[in-house]
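# Can you look at this prediction? I've put the sequence above it.
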Amino acid sequence: MDRITEIVKTLLIANVLFFLGSELLGVQAIKHFALWFPLNENFKIWQIVSHMFMHGSTMHIFFNMFALWMFGSIMEQSLGQKKFLFLYFSAGFGAVALQLIFSYYNYNMGVQTLADAGMSSEAIHELLDDAYSQWVQKGEYSVPIPEEANGDLVKAMFGTYLTPMVGASGAVFGILAGFAMLYPNLPLYLFFVPIPIKAKYLIGGYFVLEVYSGITGAAILGPSNTAHWAHVGGAVIGFITLWYWKRNQHNQNRWN
């Protein structure tokens with residue numbers, strides 16, 4: 001790669017500045033700019049965009065920006081600035097959409113098991129509010145849960161309600177999927193692995209691992225609170241977008 005392209009450079013700078021700003025603001029940055037579950041009182045509509053520039057740790061932003069640097073400029077040169085921006089943000093929105101589908105599923109399953117255990121809707125919401133207050137003050141919570149309720153479902157519900165989503169991972173996964181579509185046979189290297197692996201196998205394998213982690217909850221490549229379905233959603237949008245563009249380009253060339 002000869003140089004960092006303009007859009008990639010702008011995204012890198014914006015993410016780093018946002019990260020430094022959020023480190024200075026601390027909890028207030030998470031409260032206002034991370035993406036909260038829509039039923040949480042902290043949710044604001046702009047978080048659908050702002051969370052893409054938030055990161056939970058130095059390693060989190062490093063790996064996302066490293067992937068953006070590695071693959072983004074090639075994609076921007078290949079697609080042009082407008083298409084690249086469309087791919088980046090549409091993948092980010094796709095990540096939000098798929099993650100929220102599973103978040104609502106987890107939330108509703110938790111509510112249902114508590115309702116089946118005899119808790120009223122008001123009592124469930126009071127339970128969530130109490131857990132949130134404790135979480136804000138102490139970083140942990142302890143609330144009474146009926147023995148009849150499914151503990152795993154309730155735990156998933158609390159996790160959905162209390163844990164905001166941050167990071168450019170969904171958008172970056174869209175770039176990775178698009179790269180694998182444009183350059184499927186380009187050899188790539190992993191750190192400490194001297195054997196080249198074609199992009200379609202390396203990125204495709206990473207995608208399969210994310211699907212597996214999303215289904216099982218097992219964290220293979222990342223911390224336990226990783227939003228695996230966001231990664232999957234971003235990759236799916238990236239794949240569909242490049243597939244559509246490549247098909248249209250093929251049809252245009254066929255009739256020229």
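Thanks, I have the structure now.

# nearest spatial neighbour of residue 73, skipping sequence neighbours?
residue 5 (4.3 Å; Cβ to Cβ, 6 or more residues apart in numbering). (Glycine included, C-beta is placed from N, CA and C.)

# hang on, that neighbour packs against residue 71?
No: with contacts defined as Cβ atoms under 8 Å, residue 5 does not count as touching residue 71, sitting 11.4 Å away.

# Of those two, give the one with the bigger neighbour count.
residue 71 (22 against 18; other Cβ atoms under 10 Å).

# how about the strands in this structure?
For the chain, the strands defined by DSSP state E cover 187-190, 193-198.

# As CSV, those with mean neighbour count, distance to residue 121 and mean pLDDT would be great.
Supplementary listing: those in CSV, determined by neighbours: other Cβ atoms under 10 Å; distance: least, Cβ to Cβ, whole Å; pLDDT from 0 to 100:
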stretch, mean neighbour count, distance to residue 121, mean pLDDT
strand 187-190, 13, 50, 80
strand 193-198, 11, 51, 79
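
# Out of those strands, flag the one nearest residue 61.
Distances from residue 61 to each of the strands of the chain were compared using Cβ to Cβ; the minimum, 20.6 Å, belongs to strand 187-190.

# Point out where the stretch 151-256 of the chain drops to low pLDDT.
For the stretch 151-256 of the chain, the stretches with pLDDT under 70 are 191-193, 218-225, 250-256.

# For residue 77, which non-adjacent residue is closest in space?
Nearest non-adjacent residue to residue 77, counting by Cβ to Cβ, 6+ apart: residue 5, 6.1 Å away.

# ok, now residue 67?
residue 172 (5.0 Å).

# Show me how far stretch 16-24 is from its chain's centre.
19 Å (Cα atoms, centre = their mean, to the nearest Å).

# quick one: residue 165 from residue 148, how far?
Relative to residue 148, residue 165 is positioned 31 Å away (criterion: Cβ to Cβ, to the nearest Å).

# Look at those two and report which has more neighbours.
Neighbour tally, residue 165 and residue 148, criterion other Cβ under 10 Å: the higher count belongs to residue 165, 24 against 11.

# I figured that one was touching residue 97, is that so?
No: using Cβ under 8 Å, residue 165 is not in contact with residue 97; the gap is 11.9 Å.
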